[in-house]
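**Student:** just coords:
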Ligand code: FPP
């Protein structure tokens, strides 16, 4: 097929369904998140195997702070455990780990653990794992708008010069290319405030599989679906 897309360079995933997966098994929700963290490891390996360069994961949204405190604490603990368990994997595969989101919201212990791994992997260029934490697309765009206003008010920026590029350069990780493919697990088909700006031309793939059950074959199926699409970017 002449139009077939190659492997997406950047895949972003809304990891949904941990809670329902646990409930269906009569387990506490946190067991679903634990299983979900194992899926992250599996999917990181699949991304490497299939040649995906950037993997962005929606791990905790700005809205998730309204969950019960015990679940939030459990997720933050799990995040620290995840970093410990996977740091060697980042080094072995020369993968850079980065965070995007409102960092100042995170508990100091989680922020410190993240900053250490970010610093230790900052020089790697084989791939990037981007964890969205306390992330919200509208929050990100509002912060970029504020940065533009501050620059304009300080006389560093002519308001007439504000264009898409000027705003995009003030998003959390401006050097990361937009996602080519956005995957959401567990049957919901919405964006839930994820990468609102960056998703402008992304392809979407929805699967009923709950995140804890998502495996290499499911990742492969998402890439295959992407490969069958014809991206036109508004052209013909
Ligand atoms: C959505 O499932 C998932 C989350 C809010 C958290 C995602 C976290 C993980 C996959 C584990 C930790 C990740 C890392 C990177 C360490 P849900 O709880 O909304 O599921 P539900 O809709 O079935 O209730």
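**Tutor:** It's in. Please read these numbers as outputs of a predicted model, since none were measured by experiment.

**Student:** all contacts plus neighbour counts: C-alpha atoms, from now on.
**Tutor:** Will do.

**Student:** Now the phi/psi pair for the nearest residue to residue 223 once chain neighbours are set aside, please.
**Tutor:** With sequence-adjacent residues excluded and distances taken as C-alpha to C-alpha, 6 or more residues apart in numbering, residue 223 is closest to residue 7, at 6.7 Å. Per-residue torsions, residue 7: phi -60, psi 130 (degrees, to the nearest 10).

**Student:** thinking residue 7 is in contact with residue 225, fair?
**Tutor:** No: assessed by C-alpha atoms under 8 Å, residue 7 is found out of contact with residue 225, at 10.5 Å.

**Student:** The helix or strand hosting residue 82 packs against which elements?
**Tutor:** According to DSSP states H and E, residue 82 maps onto helix 69-93. Packing contacts for helix 69-93, counted by 3 or more C-alpha pairs under 8 Å, 6 or more residues apart in numbering; DSSP states H and E, involve helix 29-50, helix 108-121.

**Student:** could you give the angle of the first one to helix 69-93?
**Tutor:** Angular relation of helix 29-50 and helix 69-93 on a 0 to 180 degree scale: 20 degrees, by axes from the mean of the first three to the mean of the last three C-alpha atoms, to 10 degrees.

**Student:** contacts for whichever helix or strand comes after helix 29-50?
**Tutor:** Following helix 29-50 in sequence order, the next helix or strand is strand 54-61 (DSSP H and E). Applying C-alpha atoms under 8 Å, 6 or more residues apart in numbering, the set of residues contacting strand 54-61 from outside is 9-15, 44, 47, 127-136, 194.

**Student:** can you rerun that using 7 Å?
**Tutor:** By C-alpha atoms under 7 Å, 6 or more residues apart in numbering, the list of residues contacting strand 54-61 from outside reads 9-15, 127-136.

**Student:** How far does that strand sit from its chain's centre?
**Tutor:** Chain-centre distance of strand 54-61: 2 Å, with C-alpha atoms, centre = their mean, to the nearest Å.

**Student:** What parts of this structure come near the ligand?
**Tutor:** 15-20, 33-34, 36-37, 59-60, 78-79, 82 (C-alpha under 6 Å from any ligand atom).

**Student:** so which of the residues you listed is the most crowded?
**Tutor:** Sorting the residues of the chain next to the ligand by how many neighbours each has (other C-alpha atoms under 10 Å) puts residue 33 first, at 26 neighbours.

**Student:** show me the contacts for the closest residue to that one other than its chain neighbours.
**Tutor:** Distances taken as C-alpha to C-alpha, 6+ apart place residue 18 nearest to residue 33, at 5.4 Å, with adjacent residues excluded. Shown in contact with residue 18 (C-alpha under 7 Å, 6+ apart): 29, 32-33, 36, 210-212.

**Student:** Just put the residues you listed in TSV and tack on pLDDT and distance to residue 152.
**Tutor:** TSV is the format used below for the contacts of residue 18 (pLDDT from 0 to 100; distance: C-alpha to C-alpha, whole Å):
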residue	pLDDT	distance to residue 152
29	97	46
32	98	46
33	98	43
36	98	43
210	98	46
211	98	43
212	98	46
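
**Student:** how much space between the residue sitting furthest away from the middle of the chain and the ligand?
**Tutor:** In terms of distance from the mean C-alpha position of the chain, residue 155 ranks first, at 34.4 Å (C-alpha atoms, centre = their mean). Using C-alpha to the nearest ligand atom, to the nearest Å, one gets 40 Å for the distance from residue 155 to the ligand.
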